[in-house]
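need coordinates for the below:
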Amino acid sequence: MAVTVQNFIKLANFYNQMAKTMSAICVNKGGIPMEKYVGRFFAADVLEFVVEYGERLLKSSKADKSEVASVIEMFKKQLAMVHEWVTPSQKPIYEMSLEEFERAMNI
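I've put the predicted structure just below:
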């Protein structure tokens, strides 16, 4: 996937829609807190990916920094609040080669 503003916006929209859906699920299940919802780990991993993608976008010459910098900062603050939910790994997935990813996923 090419690092572009359009792809970042798609990822950010996906995360926002997912967060809304997870919130609705928690309310529907009797108002359980997000800290106890099983999907919180996936959401934290997606948020970590969105933040990393945004940082790479800022480093690339393809992005107008003023256009996305504030959004990336907002996501960074959200990630700081849920960082303990992120799946630990030896190497982040976005830094793995295809072969490393296949080994990690046992494919």
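
same question for stretch 11-23: list its buried residues.
Using 16 or more other C-beta atoms under 10 Å as the test for burial, stretch 11-23 gives 11-12, 15, 22. (Each C-beta comes from the backbone N, C-alpha and C, glycine too.)

swap in stretch 20-33?
By neighbour count on 16+ other C-beta under 10 Å, the buried set for stretch 20-33 is 22, 26.

determine how far the last residue of stretch 26-43 lies from the first.
14 Å (C-alpha to C-alpha, to the nearest Å).

now do it: everything it contacts.
With C-beta atoms under 8 Å, 6 or more residues apart in numbering as the test, stretch 26-43 has contacts from 15, 18-19, 22-23, 25, 82, 85-87.

same thing but 6 Å
With contact meaning C-beta atoms under 6 Å, 6 or more residues apart in numbering, stretch 26-43 is reached by 22, 85.

tell me the residue furthest from the middle of the protein?
The outermost residue of the chain, judged against the average C-alpha position, is G30 (26.3 Å), by C-alpha atoms, centre = their mean.

secondary structure class for that residue?
Classification of G30 using DSSP: H, G, I helix; E, B strand; the rest coil returns coil.

now D45: how far from N28?
From D45 across to N28, the span is 23 Å (C-beta to C-beta, to the nearest Å).

what's the closest non-adjacent residue to the most centrally placed residue in the chain?
Of all residues in the chain, the one closest to the mean position by C-alpha atoms, centre = their mean is L47, 2.1 Å from it. Nearest non-adjacent residue to L47, counting by C-beta to C-beta, 6 or more residues apart in numbering: L79, 5.1 Å away.

could I get the pLDDT score of the one you found?
On pLDDT, L79 comes in at 90.

torsion angles phi and psi at it?
The phi/psi pair for L79 (degrees, to the nearest 10) reads phi -60, psi -40.

that one and A44, how far apart?
L79 is 8 Å from A44, by C-beta to C-beta.

same check on V71?
Distance of V71 to A44, computed by C-beta to C-beta: 18 Å.

more neighbours: which of the two?
A44 (19 against 14; other C-beta atoms under 10 Å).

my read: the more buried one touches W85, true?
Yes: the criterion here is C-beta atoms under 6 Å, and A44 meets it with W85 at 3.7 Å.
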